[in-house]
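In: After the sequence you'll find the predicted model.
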Amino acid sequence: MVEIKMQYVGELACEVEHGPSGTRMSTDAPADNQGLARSFSPTDLLGVSLGTCVMTILGIVCKQRGWDLGQPTAKVDKTMVADPHRRISKLEVVLSGLPASFDQRQRETLEAAGSGCPVEHTIHPDTEVVIEFRWDG
């Protein structure tokens, strides 16, 4: 179990502290929902969680197999809807800079592992998740 502490600090912002490390961050409501967009919104963090989870899983598999993953990047596009209630309708993750030298077996192994990350399994099935792997690094 990991403890994460949060405090509402006013003006639709919160401060967050990761218990094990003491790392702190803040959140803010997005501009399209009465906020000032001074930081990640709570729904932005779900996109961050998905993208970093996929990359972490790729890193774990590569570490276990002695493969050099390099330093790929990810971009997440988040689409919100308001009907029937405000929620994320779609998360699109594009991973770039994946090693072009990886053969088909390595690519299939990593794509299967990355597409099954714990965050993706946690996201509600009504939220569309698209993950694109670009082997261009």
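Out: Perfect, thanks for sending it.
In: elements contacting the helix or strand harbouring V94?
Out: Element membership for V94, per DSSP states H and E: strand 87-96. Contacts defined by 3 or more C-beta pairs under 8 Å, 6 or more residues apart in numbering; DSSP states H and E place strand 87-96 against helix 42-65, strand 73-81, strand 128-133. Heads up, the C-betas are built off the backbone N, CA and C, glycines and all.
In: So what's the model's average confidence on that strand?
Out: Averaged across strand 87-96, pLDDT comes to 98.
In: List the buried residues of it.
Out: By 16 or more other C-beta atoms under 10 Å, the buried positions in strand 87-96 come out as I88, L91, E92, V93, L95.
In: which ones are touching the second one?
Out: L91 makes contact with L46, G47, L50, V76, D77, K78, T79, I123, T127, E128, V129, V130 under the criterion C-beta atoms under 8 Å, 6 or more residues apart in numbering.
In: Mind putting the helices and strands packed on strand 87-96 into TSV with distance to R24, mean pLDDT and mean neighbour count?
Out: As requested, the helices and strands packed on strand 87-96 are exported to TSV (distance: least, C-beta to C-beta, whole Å; pLDDT from 0 to 100; neighbours: other C-beta atoms under 10 Å):
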stretch	distance to R24	mean pLDDT	mean neighbour count
helix 42-65	14	98	17
strand 73-81	22	97	15
strand 128-133	29	98	15
